[in-house]
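Pasting a predicted model and its sequence here:
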Amino acid sequence: MNDQVELFDLEERQPNDKMPGGRTWCFQGSEYMTIKYSEMWDPALVMHEHPEEQVNLVLGGRALFRVGDKDYELHRGCIIRIPPNQPHGLVKKLSRENFQVVQLVDKVIAVIFLALDG
């Protein structure tokens, strides 16, 4: 394990612009932790699933999020836990303000900030 402090500055790194409706920056914090920051301006429902549990903490904005066949309206202060192997994905933004979410995934921790421009 690396005991050095690392600073991930988005202004110093090139994003991956291949994500539909947005772009993402990916940082490998350690062998156990991956960190992502994503900005999405035209989110499309991309349902996916994985064997890890996932927890999302909404920091700002509002969006519609689907788990299985149920939709959830997420807003600042919401925390949603997605069990392993459950199909889930962002349906659409519901506010003009940016939608921001921190995403933690068990085993490999992914921190994702989604900024949805209004």
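Looks like it came in fine.

And the strands in the protein?
Secondary structure of the chain (DSSP state E): strands at 22-30, 33-40, 54-60, 62-67, 70-75, 79-82, 88-93, 100-105, 109-111, 114-115.

Flag whichever of the ones you listed has the least confidence on average.
Within the strands of the chain, confidence is poorest for strand 109-111, with a mean of 45 (mean pLDDT).

Skipping its backbone neighbours, what lies nearest residue 85 in space?
Spatial nearest neighbour of residue 85, chain neighbours left out: residue 49 (5.4 Å); criterion: Cβ to Cβ, 6 or more residues apart in numbering. In this view, the C-beta of every residue, glycine as well, is placed from N, C-alpha and C.

My read is that that neighbour contacts residue 88, right?
Yes - under the criterion of Cβ atoms under 8 Å, residue 49 is in contact with residue 88, at a separation of 6.8 Å.

Compare those two (neighbour count), which wins?
Higher neighbour count among residue 49 and residue 88: residue 88, with 20 against 16, using other Cβ atoms under 10 Å.

any idea how far that one is from residue 96?
Going from residue 88 to residue 96 by Cβ to Cβ, to the nearest Å gives 24 Å.

Show me what counts as buried in stretch 62-72.
Using 16 or more other Cβ atoms under 10 Å as the burial criterion, the residues of stretch 62-72 that qualify are 62-63, 65-67.
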